[in-house]
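S.K.: Quick one, fold the following:
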Amino acid sequence: MRIIGAAKRALNNYLIKRSDLWQKESSLRDPELWGFQVGDKGHLMVDGIDCVELIERYGSPLLVVNKKRLLSDARRIKKALQDGQPSSKVLYSYKTNCIPGILSEIHHVGIGAEVISPYELWLAEKLGVPGNMIVYNGVNKTDESLIRAINRDCASINIDQEEEIERIYSIAKMLGRKARVGIRLALGDSQFGLDVNTGEAKTACMRIAALSKFLDLNSIHFNVTSNARSAGLQTRCALDALKFMAGIKMDLGLTISYLDIGGGFGVPTTKNMSGLEYGLYRTNGALPKPPSKDECQPIESYLDEILRNMKECCDRLRIDMPSLVIEPGRYVTSGSETLLVRVHSIKTRSGGKKYAITDGGRLSITFPCDFEYHETFVANHFNDPLTTSYNIMGRVCTSADWMFKNRSMPELRPGDILAVMDAGAYFSSYSSNFAFPRPAIVMVEEGRSRLIRKEETFEHLTAMDEWGDFQGSERAPSSS
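M.R.: Residues are numbered from 1 along each chain as shown. As a prediction, this is how the structure comes out:
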């Protein structure tokens with residue numbers, strides 16, 4: 001048993017040392033990859049503003065949006081798609097980052113909305129997104145939200161299960177309006193969509209065709225990946241979807257206008273952990289190898305590869321080329337947002353393990369760090385070398401509230417500010433007010449900053465509660 005124990009310790013030490021070397025050699029140790037600079041004081045700067053000044057003004061933790069980077073990434077993916085096919089549509093995935101101040105900037109660039117809930121649909125309406133630039137996905141569409149979507153004349157209400165067909169038809173008939181609908185294909189191993197191989201998807205199309213007085217089948221949809229670094233999987237699935245569309249045209253005489261391939265377009269500065277990497281991280285605390293910024297296919301060639309293969313496939317199948325719809329989330333917002341947190345204390349335990357206690361962890365704001373690699377800098381002394389390994393923890397009283405395990409950092413001190421990069425995808429969406437209010441969000445542009453979401457207050461956290469006779473009472477709980 002002692003031999004086995006010694007072997008496990010040796011393996012663990014090897015994995016952590018290897019991880020430490022990877023972190024120090026990472027090509028991501030360049031803040032300009034996110035449009036950041038290092039100022040004369042050695043502080044991290046975002047579009048002319050010192051991150052230290054932002055924390056001092058707005059408090060910690062703090063989410064910071066770089067407007068210039070946000071608009072640049074939004075315009076880049078829109079141009080990349082429409083250069084290849086002008087009739088295509090880019091619809092931002094609201095679930096990725098549903099902050100109105102961010103969404104409004106994206107919509108001003110001409111990008112629409114992909115929504116998955118009644119709330120998100122309502123928000124897209126409030127933000128003035130035209131119906132023909134909204135796709136309503138999801139598995140829990142209420143009747144009230146379907147009424148809103150049909151009255152809004154949404155580009156497509158994508159059907160995830162057969163029972164939705166009759167509901168949408170009944171509501172459209174009641175309204176006297178024709179609803180544009182799509183079919184989500186189950187091309188991956190998940191609970192979503194209708195199965196092609198069993199004939200379920202074709203049966204759904206036949207039923208929609210039979211109800212064509214109030215239903216218009218105009219879209220085929222799938223979504224099969226997340227943070228993909230190349231176009232291979234989406235290209236293969238697009239060709240499978242085109243074959244399905246060709247069969248529907250042959251058997252039912254229906255020409256479907258749009259192929260919606262979902263989102264999942266990756267960025268070069270973060271990555272999802274593989275199953276093995278995740279297992280080693282959770283079991284041994286060994287952070288995986290950072291992604292290389294050169295390993296991610298540029299979005300221009302990514303989308304060109306999909307469109308080129310679609311065109312060739314349509315020519316072989318002798319069908320018209322459908323217009324392409326994409327639903328990017330991460331690509332548009334990931335690199336434009338950064339999380340700033342403050343170190344509150346440093347603790348050293350037996351064996352020399354060091355813990356940095358911060359005001360941000362996976363139970364409040366950094367849940368994506370659980371399964372993704374995110375580069376992290378010390379914002380107030382950026383140029384210091386990486387010398388020390390830390391378990392970086394949050395502020396909730398549980399060991400589950402960690403941010404990073406065995407993260408190689410400069411020597412940390414209380415008061416230091418950490419900048420967690422690529423916080424624009426799912427950080428605020430997954431955030432929680434477990435024991436602490438959620439943080440403020442600011443947008444910066446050319447040396448100026450403005451709040452786009454205030455920090456939650458205690459009053460906000462209890463605003464929906466019914467206090468009864470206890471509100472304002474001076475009575476204390478009994479100690480008996």
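
S.K.: Now do the helices in the stretch 301-450 of the chain.
M.R.: Remark: helices assigned in the stretch 301-450 of the chain by DSSP state H, counting those that start in this stretch are 330-333.

S.K.: Where does pLDDT dip in it?
M.R.: The stretch 301-450 of the chain contains no residues with pLDDT under 70.

S.K.: one more time with 90, if that's ok
M.R.: 350-352 (pLDDT under 90).

S.K.: before we move on, what about the stretch 151-300 of the chain?
M.R.: Using pLDDT under 90, the stretch 151-300 of the chain drops low at 188-191, 293-294.

S.K.: give me that answer again for 80
M.R.: For the stretch 151-300 of the chain, the stretches with pLDDT under 80 are 188-189.

S.K.: And the helices in it?
M.R.: Counting by DSSP H, counting those that start in this stretch, the helices of the stretch 151-300 of the chain are 163-175, 200-210, 232-252, 275-284, 299-317.

S.K.: and the angle from the longest helix seen in the chain to helix 275-284?
M.R.: Secondary structure of the chain per DSSP state H: the longest helix is helix 2-24. Going by axes from the mean of the first three to the mean of the last three Cα atoms, to 10 degrees, helix 2-24 is angled at 120 degrees with respect to helix 275-284.

S.K.: Now the element after helix 2-24, going C-ward?
M.R.: strand 36-38 (DSSP states H and E).

S.K.: and that next one, what other elements does it pack with?
M.R.: When contacts are defined as 3 or more Cβ pairs under 8 Å, 6 or more residues apart in numbering; DSSP states H and E, strand 36-38 packs onto strand 44-46. All C-beta atoms are positioned from the backbone trio N, CA, C, and that covers glycine.

S.K.: and the strand it packs on, which strands flank it?
M.R.: Each strand paired with strand 44-46, and its direction, by DSSP bridges: strand 36-38 (antiparallel), strand 49-50 (antiparallel).

S.K.: Can you mark which positions in it are buried?
M.R.: Buried positions in strand 44-46, judged by neighbour count with 16 or more other Cβ atoms under 10 Å: 44-46.

S.K.: do the same with stretch 27-39
M.R.: For stretch 27-39, a neighbour-count test (16+ other Cβ under 10 Å) marks 28, 31, 33-36 as buried.

S.K.: Tell me which residues of stretch 240-249 come out buried.
M.R.: Neighbour-count burial for stretch 240-249 [16+ other Cβ under 10 Å]: 241-242, 244-249.

S.K.: Pull the residues that contact that stretch.
M.R.: 185, 187, 196, 201-202, 205, 220, 222, 254-256, 259, 261, 310, 313-314, 317-319, 322 (Cβ atoms under 8 Å, 6 or more residues apart in numbering).

S.K.: on that earlier part again, G101: which of the strands paired with strand 44-46 is closest?
M.R.: Shortest distance between G101 and the strands paired with strand 44-46, using Cβ to Cβ, is found for strand 49-50: 16.8 Å.

S.K.: Show me what the next helix or strand along the chain from that closest one packs onto, helices and strands only.
M.R.: Note on strand 49-50: by DSSP H and E, the next helix or strand toward the C-terminus is helix 51-58. In this structure, helix 51-58 makes packing contacts with strand 44-46, strand 62-66, strand 337-348, strand 417-420, strand 440-445, strand 448-453, judged by 3+ Cβ pairs under 8 Å, 6+ apart.

S.K.: Against M245, how distant is L254?
M.R.: Distance, L254 to M245, by Cβ to Cβ, to the nearest Å: 9 Å.

S.K.: what's near enough to touch S428?
M.R.: Going by Cβ under 8 Å, 6+ apart, S428 touches 63, 97-99, 365, 438, 441.

S.K.: Relative to N151, which of these is nearest.
M.R.: C98 (22.2 Å).

S.K.: Not counting its neighbours along the chain, what's nearest the closest one?
M.R.: Nearest non-adjacent residue to C98, counting by Cβ to Cβ, 6 or more residues apart in numbering: S429, 6.1 Å away.

S.K.: got a list of what D422 touches?
M.R.: 34, 267, 269-270, 334-335, 337, 372, 374-375.

S.K.: residues near S257, how many?
M.R.: 18 (other Cβ atoms under 10 Å).

S.K.: Surely it is in contact with V325?
M.R.: No. Look at S257 against V325 with Cβ atoms under 8 Å: they stay out of range, at 9.8 Å.

S.K.: shared neighbours of these two, which are they?
M.R.: Taking Cβ under 8 Å, 6+ apart as the criterion, S257 and V325 both touch S219.

S.K.: Could you work out the most separated pair of the buried residues of stretch 27-39?
M.R.: L28 and G35 (13.8 Å).

S.K.: can I get the helices and strands packed on helix 51-58 in TSV with distance to Y278?
M.R.: Conversion of the helices and strands packed on helix 51-58 to TSV gives the following (distance: least, Cβ to Cβ, whole Å):
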stretch	distance to Y278
strand 44-46	29
strand 62-66	25
strand 337-348	21
strand 417-420	19
strand 440-445	29
strand 448-453	31
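
S.K.: To N12, which of those strands lies closest?
M.R.: So among these, strand 337-348 is nearest, using Cβ to Cβ, at 19.1 Å.

S.K.: so what's T270 closest to, chain neighbours aside?
M.R.: The spatial neighbour of T270 that comes closest, neighbours along the chain excluded (Cβ to Cβ, 6+ apart), is D422 at 4.3 Å.

S.K.: tell me which of the contacts of D422 is nearest to I55?
M.R.: Among the contacts of D422, E337 lies closest to I55 (Cβ to Cβ), at 15.3 Å.

S.K.: Report how many residues lie close to the closest one.
M.R.: Residues near E337, counting by other Cβ under 10 Å, number 26.

S.K.: before we move on, back to that, touching, the residue nearest to C98 and T96? I think so.
M.R.: Yes. Judged on Cβ under 8 Å, S429 makes contact with T96 at a distance of 6.5 Å.

S.K.: what does the model give the residue nearest to G39 when sequence neighbours are not counted for pLDDT?
M.R.: Nearest non-adjacent residue to G39, counting by Cβ to Cβ, 6+ apart: M45, 4.7 Å away. M45 carries a pLDDT value of 98.

S.K.: and M45, what does it touch?
M.R.: 36-39, 51.
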